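# Generate a structure from the sequence data that follows.
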Amino acid sequence: MEELNKWLLKRERENMEELERIQATNSQAAAMVAQYQLSETPRGRGSRPGRAPNVERHREVRGHFLLEDYFVERPVYDEAGFRRRYRMQTHVFQRIMEDLCNLDSFLGQKSDATGKMGLLPEQKMAGALRMLAYGAAADQCDEITRMGVSTALKCLKKFCRQVEFLYAGWFLRPPNPANLHRLLNRGQRRGFSGMIGSIDCMHWEWKNCPTGWAGAFSGRKGRPTIILEAVASYDTHIWQAFFGTPGAQNDLNVLGASNVFERVIGGTAPLVEFEVNNKRYTNGYYLADGIYPRWSTFVKTISNPRTEEEKHFCKKQEAYRKDVERCFGILQSRWVILRHGARLFKLEDLRAIMISCIILHNMIVEDEFVEEEFAEPEEDDLMNPAMATVYDRPVHPNTGEAIPFEPVGRD
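Predicted structure coming up:
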């Protein structure tokens, strides 16, 4: 019995010592928290004393100025100025803005916790389009749209993903029967019966590619790139696109991974019947360069033409295959973000930007292209047009005679 009492007293003493240690630790923690809260320069974020105040950007006033510049009855800048800066007509801009506002509330104007109204939909779309059209950084749009860097990047990513979700089903579809009839008629007039378009690949440099992926994405030029495979027609409309292959691959690897010929493989492609040299064919084809395989869906040039017929065919094929090259040039000049190195880090963000640029490009083509005004060049040599003359020396504007060179006299 005595031993049990001794053990109980010892256990009680240990419990009291443990409780005293816990209380001392709690007192020290409370003192540290109080000292941290009373410090003049806290390291934490949030609404604390000492944090840098928010920048007053006057977004309401600048949003009103933006409306007066472009979206009122008598704007400051005309339709041509808007088309030059935002790459599209005003009614296309308004239609996209209304559709995206109905799809997601992010683009709409909302109020903050203090009741102050936020950014207008026009400001958010203008910032996203400025970054796409000029390749500008996020902080370069602050003077126009009055948005911070994080808000501008969020608007860009949201805009691109919503455009892809909303319009990809229509503006990035394979040709329907009406489109196919128009393309085949143009191919027939060009001398290529059954031609639907041309196919090729384009590289987009990835400036901020992760170091661990740089080897897989670096091609022959030594810089990380991402490959876009596209099918384009004579009006520079992109009908099919596949993006995301590392730049170390070639066109054959991209073709093996792409979904361009899913309908042909699955047997659901539209039937295209044409006759060449008394032989009937039932599949349409695309003009391609020499690296593509010898499939019935590709028509390539002849490596070493000998006869006049072969030379004539090579000249026409190489000229009309430039439709997709011309399309890539227009796409990069219209959306300059695709011309410079990509600065984002995530591959899915870059894919959303590329696909949204293609969709917007197709929307502009369908809105502005006029079939009756498009005329094929009538020159014999399409690869060396007569208007591409070599500059030799200055000539007189009225007589056309060469102006002699006059050396600059020295004192």
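
# who touches stretch 316-335?
87, 132-133, 190-192, 195, 197-200, 202, 230-234, 236-238, 287-289, 299-301, 338-339, 357-358, 360-361, 364, 382-383 (Cβ atoms under 8 Å, 6 or more residues apart in numbering). Any C-beta I mention is one placed from the backbone N, CA and C, and that applies to glycine too.

# Now with 7 Å, please.
87, 132-133, 190-192, 197-200, 202, 230, 232-234, 236, 238, 287, 289, 299, 301, 338-339, 357, 361, 382-383 (Cβ atoms under 7 Å, 6 or more residues apart in numbering).

# got the CA coordinates for it in PDB?
Output in PDB follows, covering the C-alpha atoms of stretch 316-335 (Å, rounded to 0.1, in the frame of the first residue of the first chain):
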ATOM      1  CA  LYS A 316       2.100  25.600-109.800                       C
ATOM      2  CA  GLN A 317       2.300  23.200-106.900                       C
ATOM      3  CA  GLU A 318       5.000  25.200-105.100                       C
ATOM      4  CA  ALA A 319       3.100  28.400-105.700                       C
ATOM      5  CA  TYR A 320      -0.300  27.200-104.400                       C
ATOM      6  CA  ARG A 321       1.200  25.300-101.500                       C
ATOM      7  CA  LYS A 322       2.300  28.700-100.200                       C
ATOM      8  CA  ASP A 323      -1.300  29.400 -99.100                       C
ATOM      9  CA  VAL A 324      -0.500  27.800 -95.700                       C
ATOM     10  CA  GLU A 325       2.800  29.700 -95.500                       C
ATOM     11  CA  ARG A 326       1.000  32.900 -96.200                       C
ATOM     12  CA  CYS A 327      -1.600  32.000 -93.600                       C
ATOM     13  CA  PHE A 328       1.200  31.600 -91.000                       C
ATOM     14  CA  GLY A 329       2.600  34.900 -91.900                       C
ATOM     15  CA  ILE A 330      -0.700  36.700 -91.500                       C
ATOM     16  CA  LEU A 331      -1.400  34.900 -88.200                       C
ATOM     17  CA  GLN A 332       1.900  36.000 -86.800                       C
ATOM     18  CA  SER A 333       1.600  39.600 -88.100                       C
ATOM     19  CA  ARG A 334      -2.000  39.900 -86.800                       C
ATOM     20  CA  TRP A 335      -1.200  38.400 -83.400                       C
END
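
# I'd like the numbering to begin with 20 instead of 1 from here.
I'll keep to 20 as the first residue from here, and by that count the last item is stretch 335-354.

# Give the buried residues for it.
335-336, 338-340, 342-343, 346-347, 350-351, 353-354 (16 or more other Cβ atoms under 10 Å).

# circling back to that earlier point, buried subset of the contacts of stretch 335-354?
Buried residues within the contacts of stretch 335-354, counting neighbours by 16+ other Cβ under 10 Å: 106, 151-152, 211, 216-219, 221, 249, 251-253, 255, 257, 306, 308, 318, 320, 357, 376, 380.

# any low-confidence regions in this structure?
20, 23, 55-71, 391-417, 419, 421-430 (pLDDT under 70).

# And the helices in it, which stretches?
21-57, 78-89, 98-105, 109-122, 140-153, 161-164, 168-190, 196-209, 233-236, 270-276, 281-285, 327-339, 341-353, 366-387 (DSSP state H).

# Nearest approach to residue 244 belongs to which of these?
Of all these, helix 233-236 sits nearest to residue 244, with 6.3 Å by Cβ to Cβ.

# Buried residues, that closest one. List them.
233, 236.

# Residues contacting it, please?
Residues contacting helix 233-236 (Cβ under 7 Å, 6+ apart): 225, 228, 243-245, 265-267.

# For the residues you listed, which single residue is the most surrounded?
Among the contacts of helix 233-236, residue 243 has the most neighbours (other Cβ atoms under 10 Å), with 26 neighbours.

# can you pull the contacts of it?
Shown in contact with residue 243 (Cβ under 7 Å, 6+ apart): 225, 228, 233, 236-237, 266.

# Tell me the one among those residues nearest to residue 198.
Looking across the contacts of residue 243 and measuring by Cβ to Cβ, the closest to residue 198 is residue 266, at 31.4 Å.

# Can you tell me how far that closest one is from residue 290?
37 Å (Cβ to Cβ, to the nearest Å).

# Which residue, neighbours along the chain excluded, lies closest to residue 168?
residue 157 (4.4 Å; Cβ to Cβ, 6 or more residues apart in numbering).

# and if you look at residue 256?
Per Cβ to Cβ, 6+ apart, closest to residue 256 is residue 384, 5.0 Å.

# Tell me who's in contact with the spatially most central residue of the chain.
Central residue of the chain (Cα atoms, centre = their mean): residue 373, 2.9 Å from the mean position. Taking Cβ under 7 Å, 6+ apart as the criterion, residue 373 is in contact with 223, 247, 262, 357.

# Tell me which two of the residues you listed sit farthest apart.
Across the contacts of residue 373, the two lying at the largest distance from each other (Cβ to Cβ) are 262 and 357, at 10.7 Å.

# okay, the helices of the chain, which one's buried deepest?
Of the helices of the chain, the one with the most neighbours on average (mean count of other Cβ atoms under 10 Å) is helix 140-153, at a mean of 22.

# got a list of contacts for that one?
So helix 140-153 is contacted by 82, 85-86, 90, 105-106, 112, 116, 120, 126-128, 155, 157, 160, 163-166, 171, 174-175, 178, 354-356, 376 (Cβ under 7 Å, 6+ apart).

# cool, stretch 98-110 as well?
Contacts of stretch 98-110 (Cβ under 7 Å, 6+ apart): 89, 112, 148, 152, 353, 383, 386.

# Any chance of a markdown table for the buried residues of stretch 335-354, columns distance to residue 185?
Listed next are those as a markdown table, based on distance: Cβ to Cβ, whole Å:
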| residue | distance to residue 185 |
| --- | --- |
| 335 | 39 |
| 336 | 38 |
| 338 | 37 |
| 339 | 33 |
| 340 | 32 |
| 342 | 27 |
| 343 | 26 |
| 346 | 23 |
| 347 | 25 |
| 350 | 20 |
| 351 | 24 |
| 353 | 20 |
| 354 | 18 |
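
# Work out the gap between stretch 268-286 and the centre of the chain.
Counting by Cα atoms, centre = their mean, to the nearest Å, stretch 268-286 is centred 22 Å from the centre of its parent chain.
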